[in-house]
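Participant: Here you go, sequence then predicted model.
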Amino acid sequence: MMDKRVCFDFEIEFSNGGGIQGQGFRLDIDGDDIKDDDLADYIIGDMNLLMVGKARILNKEIIEEPHKRNKSQTETADQAGIIVDLSHSMTATGELKANQMGLASITGTYLSTSHGSSQKKIELETVSGLQGVVIRVSGMEERAIDWTHFAASSVSGKAVLVETGWRKFQDSDKYLENHPFLTEAAASYLQKKGAALVGIDSLSLDDTHLETQPARALLLESNIPIVMHLKNLEQLPNSGFKFYAVPSKIQNTGSSPVWAHARLSHKKT
């Protein structure tokens, strides 16, 4: 059964003056509908609003869309120990394929640890058993993923995995063109907040229309590994899992194929 979400506008008036509004706000729901009072209660509680005088819900619409928030603690506990495969398979015909525009798509899932001519030794603890967090941006209208998408999550010391939904085009030419990517500001935010690793389920961390790779360069120069061409991120909770992307023990290589996977745990982090 397809997940259901509610899309709505809201108006909040504070009893001591002032107010806030929201348009096109979306929320996961468990059933087929939700009462206006329950939506208002959620908004007030989730935003930690004080001195609320009135709350109005407007233009409510139930839509079919994958949930963005975490699974329940009970569901996560029931799945503890489950391993989720996050890698695409390598093809027997080689590592790369190209479309008519000359863009290349790696058929497997890859780890990058160095940018340009510089090459760094991979430390096992930087790619194995990292606490993970999923940032869900599938369905966004713009291609550029800015830093604001990460601000609601704790990313320090985490493997930050960006679910764009783009992997559904993996076997078509569409995968190679106009894919979602991180802005340089997003990469800078993750670097400043201490992300341990960054992964994405699309062709590249950067816009392949550009000659430069600012997000990739900034992260790798800060010793933050990158994993590209992930899949099945929609099967993970937002947190409460460990991420693994260990390559073969080969020195002096900037990129290596990996069998990326996650193991779900009891406790959400």
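Facilitator: Good, I have the coordinates.
Participant: Would you mind listing the residues in contact with residue 5?
Facilitator: Going by CB atoms under 8 Å, 6 or more residues apart in numbering, residue 5 touches 26-29, 62-65, 67-68. Placement of C-beta: from N, CA and C, glycine included.
Participant: can you do 10 Å?
Facilitator: 26-29, 34, 61-69, 139 (CB atoms under 10 Å, 6 or more residues apart in numbering).
Participant: cool, residue 56 as well?
Facilitator: Contacts of residue 56 (CB under 10 Å, 6+ apart): 9-13, 21, 36, 40.
Participant: Does anything pack onto the lengthiest helix in the chain? Which helices or strands?
Facilitator: Counting by DSSP state H, the longest helix found in the chain is helix 36-46. Packing partners of helix 36-46 (3 or more CB pairs under 10 Å, 6 or more residues apart in numbering; DSSP states H and E): strand 4-14, strand 19-29, strand 52-64.
Participant: Could you check the angle the longest one makes with strand 4-14?
Facilitator: Using axes from the mean of the first three to the mean of the last three CA atoms, to 10 degrees, the interaxial angle of strand 52-64 with respect to strand 4-14 works out to 160 degrees.
Participant: deepest of the helices and strands packed on helix 36-46, which one?
Facilitator: Of all the helices and strands packed on helix 36-46, strand 4-14 carries the top mean neighbour count, a mean of 17, counting by mean count of other CB atoms under 10 Å.
Participant: Distance from it to the middle of the chain?
Facilitator: 24 Å (CA atoms, centre = their mean, to the nearest Å).
Participant: before we move on, back to that, tabulate the contacts of residue 56 in a markdown table, adding columns for pLDDT and distance to residue 199.
Facilitator: What follows is the contacts of residue 56, written out as a markdown table (pLDDT from 0 to 100; distance: CB to CB, whole Å):
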| residue | pLDDT | distance to residue 199 |
| --- | --- | --- |
| 9 | 93 | 34 |
| 10 | 93 | 34 |
| 11 | 93 | 39 |
| 12 | 91 | 37 |
| 13 | 92 | 42 |
| 21 | 92 | 35 |
| 36 | 92 | 39 |
| 40 | 89 | 37 |
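Participant: Closest to residue 152 out of these?
Facilitator: Comparing the contacts of residue 56 against residue 152 with CB to CB places residue 10 closest, at 18.0 Å.
Participant: middle-most residue in this structure, spatially?
Facilitator: residue 162 (2.0 Å; CA atoms, centre = their mean).
Participant: now that residue, nearest residue through space, not along the chain?
Facilitator: Ranked by CB to CB, 6 or more residues apart in numbering and with sequence neighbours excluded, the top spatial neighbour of residue 162 is residue 200, at 4.5 Å.
Participant: returning to that earlier point: list the contacts of the longest helix of the chain.
Facilitator: With CB under 10 Å, 6+ apart as the test, helix 36-46 has contacts from 6, 8, 10, 12, 20, 22, 25, 27, 29, 34-35, 49-50, 52, 54-58, 60, 69.
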